[in-house]
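In: only geometry, no sequence info:
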DNA sequence: CTGAAAGCGCTAACAC
DNA sequence: GTGTTAGCGCTTTCAG
């Protein structure tokens, strides 16, 4: 900037003003400075500017990972959510700092904000660390979490209506004639827990009681899912439908069932959760609960930005819809 | 920092040194300062530090998008690559600034670096903007691009051996007895172009000549893929195999063929490219060319960091392997 | 309309 | 060992 000032024969203050488009500066001078900057391929140093202005237009997005499995991030739903967040942030003139942290050290997630790198934090995935999240929120850190709304939470969540989703999927399966519907998913996780709630509610609504043997606390790990299907089949437990806590899980269930000689939907009906793009191109096309991904990014971004602006945390539950396709309907 | 200095009864310089773990400062003082910082939940402001040190441990990762379609980022392969990059960057102590830019305004991609927000740039996807990329590289911007190595390029690429991949897939299909193998993919895109090359080479190797009608320049858009399959079938052109430029495309091809009453692999053999995690759980399990995703992130990161350190751009081609599954083998 | 000067939060000579 | 000082690149009072 000093260079430009010298070349333009003005002070740095004027250059700063000119580049900021201030009307205080003579139009001619402004144009000259702008031209010079362009030809020198010069851009204002954002870091210095932010430092001076004590502002920050960056939001830290962190994806917690389960240290035990150190799985590379692979669920298409979360991956898409990240893409979505990038767009939403860009649309609102902010930048996105992306990182992954050990889910057991969630306090590290706040680092970006504490080190002044970012003005707020978006957490993609809640895991079972409700209390750690509360601790962050109590510190006054602008924070929005994708996940389930839980009682007694001090932080803001944005998530889909998991209970409703679980209910929709389960009662659909029931209506299709399924009477022994298995639930696949680790209900210790808040979101899955609520989907499980919905499952229970739907069964209760028709006066059915869920068999304990049909509820399998399966983690989001391929090998575990396959093993669960194998065990279920081997055990001889009768079941005529599966409601899986995610599409990815449902797909693995279907492919494992097929390997074991059971056809979907002829022998077993299956429904998933998420409605990832591939769901409708799967074979059979997968019935599933759609989470409104398109709203997710903007909602999370709006929430952190509101908090950065001083607002109190406020959670939001997005409605879910069920999309019946072939996997849950007998031909 | 000033606060801590006051509370500790020392100067800010000492606090700075203490927090940096300098041995120049008395161990007792150092501990006192560290304790104070901890209790105050204080962290050094990275932006200020970087400004002063004229250093920068951030890398900008940008994903170009096609403005015409403004598709939300959805290909699992690219999404996974981003996750991978995040990990690789974290492992090497850097942060990741993620953004998407209009593929027609690739010069904007450099903004992060020019504005001092980042020290280097990783571009995920090359599109057809070879020259724009060269222009960036010529400016001396540390840059690594995921894509195809092209003649006369001034920038560094990291990518899989697309020609080899195309050859492997095509000759496998040939060996399985396919004689009229269709190619699906827009070969204007460098990577797809090379896969197409491989396809041609494989056919040439067995003295077959590809029918123009069997080569379809289909973009990565679901509706276009479906339309292409429909047209191909409707036209009455005979074909007994499809090599698609990505797994996602292959899956859409399979699901569309099925809708039109053609079974895979009974009527048509299909092979894809990428080996996304879902490929093996698809029905039928998808034969595909694996790109070594695990190496991609680290390789791209190593390359930008090397350039930031002053090295000259140096491209890298990662080997591909073909994984034959049911979609390309007659029972 | 423009310039001089102060300061954002930090670190690195250079003294003591 | 520790403090003083200068300055990273910028914006913004406050004078003129």
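Out: On my side now, so go ahead. All values derive from a computational prediction rather than experimental measurement. Numbering: from 1, shown residues only, chains lettered A, B, ... in the order given.
In: what helix or strand does residue A:202 sit in?
Out: helix A:190-205 (DSSP states H and E).
In: Leaving out sequence neighbours, find the closest residue to residue A:317.
Out: residue A:161 (5.1 Å; Cβ to Cβ, 6 or more residues apart in numbering or on different chains). All C-beta atoms are positioned from the backbone trio N, CA, C, and that covers glycine.
In: so where do the helices sit in the stretch 201-331 of chain A?
Out: Assigned by DSSP state H, counting those that start in this stretch, the helices in the stretch 201-331 of chain A fall at A:222-235, A:247-259, A:293-308.
In: Buried residues of the longest one, list them for me.
Out: The one in question is helix A:293-308. A:293, A:295-308 (16 or more other Cβ atoms under 10 Å in any protein chain shown).
In: So which other helices or strands are in contact with the helix holding residue A:202?
Out: Contacts defined by 3 or more Cβ pairs under 8 Å, 6 or more residues apart in numbering or on different chains; DSSP states H and E place helix A:190-205 against helix A:162-175, strand A:181-184.
In: right, and the ones you listed - which one's nearest chain B?
Out: With respect to chain B, and counting by Cβ to the nearest Cβ, the nearest of these is strand A:181-184 at 14.5 Å.
In: contacts for the closest one?
Out: A:170, A:173-174, A:196, A:199, A:203, A:210, A:214-216, A:218, A:225, A:228, A:232, A:239-245, A:249-250, A:253 (Cβ atoms under 8 Å, 6 or more residues apart in numbering or on different chains).
In: quick revisit: how far off helix A:247-259 does the helix holding residue A:202 point, in degrees?
Out: Interaxial angle of helix A:190-205 relative to helix A:247-259 (axes from the mean of the first three to the mean of the last three Cα atoms, to 10 degrees): 60 degrees.
In: and helix A:190-205, how far out from the chain's middle?
Out: Between the centre of helix A:190-205 and the centre of its chain there are 20 Å (Cα atoms, centre = their mean, to the nearest Å).
In: Span of stretch A:109-118 from start to end?
Out: Stretch A:109-118 has an end-to-end distance of 11 Å (criterion: Cα to Cα, to the nearest Å).
In: That stretch vs DNA strand D: in contact?
Out: No: with Cβ under 7 Å from any atom of the strand as the criterion, DNA strand D is not reached by stretch A:109-118; the gap is at least 12.9 Å.
In: Identify all contacting residues around that stretch.
Out: Here stretch A:109-118 has contacts from A:56, A:58-60, A:62, A:64, A:97, A:99, A:101, A:119-121, A:123, A:136, A:139, A:141-142, B:41-48, B:95, using Cβ under 8 Å, 6+ apart.
In: From the opening residue of stretch A:87-104 to its closing one, how far?
Out: End to end - Cα to Cα - stretch A:87-104 spans 29 Å.
In: what comes up buried for it?
Out: Applying 16+ other Cβ under 10 Å to stretch A:87-104 flags A:87-90, A:94-101, A:103 as buried.
In: Those residues into TSV, with extra columns for distance to residue A:263?
Out: Shown next, in TSV, are the buried residues of stretch A:87-104 (distance: Cβ to Cβ, whole Å):
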residue	distance to residue A:263
A:87	40
A:88	41
A:89	44
A:90	45
A:94	49
A:95	49
A:96	44
A:97	47
A:98	41
A:99	43
A:100	39
A:101	42
A:103	37
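In: ok, how many other residues are close to residue A:310?
Out: By the criterion of other Cβ atoms under 10 Å in any protein chain shown, residue A:310 has 7 neighbours.
In: so how far is residue A:12 from it?
Out: The gap separating residue A:310 from residue A:12 is 33 Å, by Cβ to Cβ, to the nearest Å.
In: again with residue A:213
Out: 75 Å.
In: Flag every residue of chain A that's near DNA strand C.
Out: So far as Cβ under 7 Å from any atom of the strand goes, chain A lies against DNA strand C at A:9-14, A:17, A:24-27, A:29, A:48, A:51-52, A:54, A:116.
In: In helices only, show me those residues.
Out: A:12-14, A:17, A:27, A:29, A:48, A:51-52 (DSSP state H).
In: Could you give me the buried positions within stretch A:237-249?
Out: Per 16+ other Cβ under 10 Å, stretch A:237-249 contains these buried residues: A:239-249.
In: can you list the weak-confidence ranges in chain A?
Out: A:69-73 (pLDDT under 70).
In: what residues does it put near DNA strand D?
Out: Close to DNA strand D, as judged by Cβ under 7 Å from any atom of the strand, chain A has residues A:1-2, A:12-13, A:16-17, A:19-20, A:44-45, A:48-49, A:51-53.
In: related to what we said a few turns ago, going by neighbour count, which of the residues of chain A next to DNA strand C are buried?
Out: A:10, A:14, A:17, A:25, A:29, A:48, A:51, A:116.
In: Pull the most distant pair out of these.
Out: Pairwise distances across these peak at 33.8 Å for A:29 and A:116 (criterion: Cβ to Cβ).
In: All set now, cheers.
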